[in-house]
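sequence and predicted structure, then a few things I'm wondering about:
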Amino acid sequence: MKLRVNGLEYEVHPPPERLLVDLLREDLHLTGTKRGCEDGSCGACTVLVDREPRHACLTLAHMVEGRDVTTIEGASSSFGLSSLQRALIENGGLQCGFCAPGMVLAVEACLLRGKPTREEIREAIAGNYCRCTGYAKIVDAAEKVVRERWGP
């Protein structure tokens, strides 16, 4: 099967039961996608499939054939960290970092839809657990990016 991951074309031959999280981590060596709860409740494995968030631990690899997949490795700009990643660091929105890849991609998907409200940002990250930072600083960082991109 063929797919695009972070803008690069891949041809892979996974067995039918291969999960996307395993394809990314083990076959493509993109280990930023975290394996957490393995039942879709923590959000650590969140990736974007055609710009929409998807739990890689619940997605069979063959389901993304011909699609665009973005992992945390593809979320950075060519100049380094994305504006969201910088805002999370500057606002204390990250601590241990385990939830960061899924959290960043969940917020990025929200930002791709247009100028989100604070409530829409909170809703976008509702499926992502963070046990260290809490959500206020994450939402504050996302709002900072909203102001940078769209103004007050």
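Alright, I've got the coordinates.

mind checking pLDDT for residue 76?
Each residue has a pLDDT score; the one for residue 76 is 84.

what about it, distance to residue 145?
Noted for residue 76: a distance of 14 Å to residue 145, by CB to CB, to the nearest Å. For every residue, glycine as well, the C-beta is placed using N, CA and C.

more crowded one of those two?
More crowded of residue 76 and residue 145, by other CB atoms under 10 Å: residue 145, with 21 against 14.

for that one, pull up the helix or strand it's in.
helix 136-150 (DSSP states H and E).

again, but for residue 3
Going by DSSP H and E, residue 3 is in strand 2-5.

which residues touch the most centrally placed residue in the chain?
For the chain, the residue nearest the mean C-alpha position is residue 105 (2.4 Å; CA atoms, centre = their mean). Counting by CB atoms under 8 Å, 6 or more residues apart in numbering, residue 105 touches 46-48, 53, 70-72, 75.

just the ones of those residues in strands?
46-48, 53, 70 (DSSP state E).

and of the residues you listed, the nearest to residue 6?
residue 70 (6.1 Å; CB to CB).

which ones are touching the closest residue to that closest one other than its chain neighbours?
Nearest residue to residue 70 in three dimensions, chain neighbours excluded: residue 48, at 4.0 Å (CB to CB, 6 or more residues apart in numbering). By CB under 8 Å, 6+ apart, the contact list for residue 48 reads 54, 68-70, 105, 108-109.

what bridges to residue 48?
residue 53, residue 70 (DSSP bridges).

pLDDT score for it?
So residue 48 comes in at 98 (pLDDT).
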